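Trainee: I'll drop the sequence and a predicted model, then ask my questions.
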Amino acid sequence: MTYDSVVKLIRSHVSAVATALVMVSCPSSVMADLDISVLVEQLHKRDAHAKARGDLPGINTDTVESPTPISNSSTTQTPKSPDKGQRLFDQAAAFDQGRGVQQNFSRAAELYLQAAELGHIEAQMNIGLMYSQGQGVRPDDREAVKWLAQASEAGNAIAQYSYALMIYEGRGERQNYGKSLEWYRRAAEQGNAKAMNNIGIMTALGYGTQEDNIEAYAWFALGTLAGDADAQNNRDLTFEVLSQDERRAAQRAAERLRSELGR
């Protein structure tokens, strides 16, 4: 599945549940994967004498699954014009998915943008994603970051996750690993398992933070508890390269992190 196609899938899932408290199940990645080939290569180079350590990421290089965030209608819009914003969002979703009308991404983008300007948070996320991959609009990373940042500040977990990746890649704004980690952390605090896994990878690499396999293990362990298969693989691979003392410290770190995040 291509990057563009999974972005469309994420948007369609979110659009369909805008007015209810539901779990949005997203089958593939939207802005979820770090540059996996580069990360794997760097980890191999970091410890060429330890094959297990070199294989640390354990990432599926074909795709990385997306998070499963919660969409709460009570937090999808600001008081600017909530009724109008929701109506515009619903119309956009219909054109986005071809529900009752002929599918038209350009029209969907127009309506999402209007709803986003009225403060509808999921519309902000959707138009941000559309700008990020040129769906119904010209690709524009700056516009994508603008809207994803607004939805992220409002607490949308998909937007936070997507914004973190754009910052990681330097798309739409200057590359900043530390800031990327901050936004992954916010998404992780909402239960985003892939954010937990990506934090673990970046911690193992020392991207935006001090390189720390014990702390990386803690994040992989938390992602495992949240149901992420890649995190589980990474946790197990990391555990193998730790000493007995480090393993005990890693397990304590995982319990601490679990308590901090209430997981």
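Mentor: Nice, thanks for sending it over.

Trainee: where exactly do the helices run in the stretch 51-200 of the chain?
Mentor: 51-54, 82-97, 105-117, 121-133, 141-153, 157-169, 177-189, 193-205 (DSSP state H, counting those that start in this stretch).

Trainee: Packed most tightly, which of these would that be?
Mentor: For these, the largest average neighbour count (mean count of other C-beta atoms under 10 Å) is found in helix 121-133, namely a mean of 29. C-beta here means a position set from N, CA and C on the backbone, and glycine is covered the same way.

Trainee: And that one, what does it pack against?
Mentor: Contact here means 3 or more C-beta pairs under 8 Å, 6 or more residues apart in numbering; DSSP states H and E; on that basis helix 121-133 packs against helix 3-16, helix 82-97, helix 105-117, helix 141-153, helix 157-169.

Trainee: what angle do it and helix 141-153 make?
Mentor: Orientation of helix 121-133 against helix 141-153 (axes from the mean of the first three to the mean of the last three C-alpha atoms, to 10 degrees) gives an angle of 150 degrees.

Trainee: related to what we said a few turns ago, could you export the helices and strands packed on helix 121-133 as CSV, including mean pLDDT and distance to residue 220?
Mentor: Shown next, in CSV, are the helices and strands packed on helix 121-133 (pLDDT from 0 to 100; distance: least, C-beta to C-beta, whole Å):
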stretch, mean pLDDT, distance to residue 220
helix 3-16, 46, 23
helix 82-97, 93, 35
helix 105-117, 96, 35
helix 141-153, 97, 24
helix 157-169, 93, 17
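
Trainee: if we compare those helices, which one ends up closest to residue 226?
Mentor: Residue 226 lies closest, by C-beta to C-beta, to one member of these: helix 157-169, at 12.0 Å.

Trainee: For the closest one, which helices and strands make contact with it?
Mentor: helix 121-133, helix 141-153, helix 177-189, helix 193-205.

Trainee: what do you get if the cut-off is 6 Å, keeping everything else the same?
Mentor: If you count contacts as 3 or more C-beta pairs under 6 Å, 6 or more residues apart in numbering; DSSP states H and E, helix 157-169 packs onto helix 141-153, helix 177-189.

Trainee: Tell me which residues are up against the first one.
Mentor: Applying C-beta atoms under 6 Å, 6 or more residues apart in numbering, the set of residues contacting helix 141-153 from outside is 116, 121, 124-125, 127-128, 131-132, 159-160, 162-163, 166, 171-173.

Trainee: Also the last one?
Mentor: Judged by C-beta under 6 Å, 6+ apart, the contacts made with helix 177-189 from elsewhere in the structure are 157, 160-161, 163-164, 167-168, 195-196, 198-199, 202, 207-208, 261.

Trainee: now the angle between helix 141-153 and it, please.
Mentor: 40 degrees.

Trainee: gap between residue 222 and residue 98?
Mentor: Counting by C-beta to C-beta, to the nearest Å, the gap from residue 222 to residue 98 is 38 Å.

Trainee: more crowded one of those two?
Mentor: residue 222 (28 against 13; other C-beta atoms under 10 Å).

Trainee: For that one, which non-adjacent residue is closest in space?
Mentor: In this structure, residue 222 finds its nearest non-sequential neighbour in residue 196, 4.9 Å apart by C-beta to C-beta, 6 or more residues apart in numbering.

Trainee: and that neighbour, what does it touch?
Mentor: 188, 219, 222-223 are the contacts of residue 196 under C-beta under 6 Å, 6+ apart.

Trainee: Check what pLDDT it gets.
Mentor: Note for residue 196: predicted pLDDT of 94.

Trainee: Ok, residue 32 next?
Mentor: You'll see residue 32 listed with a pLDDT of 39.
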